[in-house]
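heads up, no residue letters with this:
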């Protein structure tokens, strides 16, 4: 099974190198692709110092959705069997990658979400109260719209098989995409499971999303989920 680790990166020079070194220390047979989304710091230089990492350098900041879709398109065109996506801030522990690999190899689902909110697992780092309340709300909205409860609908630690790679290469939500991506997989008849993970604090720096951004996020995502509810999955050759 050919597996690609996909990492979107925008101005994460203080954390991306540490994250890439942790992935290398796993000693797994994995390819690593970083999509540098028009960083204005020295993220690109940090990435290029690690010869084992592939990098696509976008000329300007396109946003998280377009960046991640670029990675899925690259994975699809290069015939990868699976993609494991992590964020570039280091909050997703690479030590949990083997659990995702096992789920993929056993074909447990088409999409596997690393969830910090499973009852049997240590939550670890807690985000702000407004974000936690928003996650609780999205959990129940997605259950209403898709019929499946996803405990961590905003998780960026996600694994996908070849089927979902194709779907996401064709279409991936643009802004704050994770809940909408879940909805698309369900619309296409995909199987989704969650496995436990412990979110960490950022390895360095601080989040660029303010409290005001969080409120905008949940309003925007809610409207998008409701508007796209009931839409049939449409796919085409890429």
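Here it is on my side, so go on. Just so you know, these numbers come straight off a predicted model, no measurement behind them.

contacts and neighbour counts: CA atoms only from here.
Fine.

Let me know the helix or strand that the spatially most central residue of the chain is in.
The centre of the chain sits closest to residue 156, judged by Cα atoms, centre = their mean, with a distance of 3.1 Å. Applying DSSP states H and E as the criterion places residue 156 outside every helix and strand.

before we move on, what about residue 35?
According to DSSP H and E, residue 35 maps onto strand 31-37.

which strands and helices sit next to that strand?
strand 3-9, helix 43-48, strand 53-58, helix 64-77 (3 or more Cα pairs under 8 Å, 6 or more residues apart in numbering; DSSP states H and E).

just these: most buried one?
strand 3-9 (a mean of 25; mean count of other Cα atoms under 10 Å).

quick one: average confidence on that one?
Mean per-residue pLDDT for strand 3-9: 98.

Name every strand pairing with it and say which way it goes.
Strand 3-9 has its sheet partners listed here by DSSP bridges as strand 31-37 (parallel), strand 82-85 (parallel).

what stretches of this structure score poorly on pLDDT?
Judged by pLDDT under 70, the chain has its weakly predicted residues at 119-129, 202-214, 235-238.

how about the helices in the chain?
16-24, 43-48, 64-77, 97-105, 129-146, 162-170, 178-187, 211-228 (DSSP state H).

for these, which one sits closest to residue 195?
Proximity to residue 195 (Cα to Cα) singles out helix 97-105 among those, at 7.9 Å.

which residues sit against the closest one?
1, 82, 84, 109, 110, 112, 159, 160, 161, 195 (Cα atoms under 8 Å, 6 or more residues apart in numbering).

Of the residues you listed, which is the most crowded?
residue 159 (28 neighbours; other Cα atoms under 10 Å).
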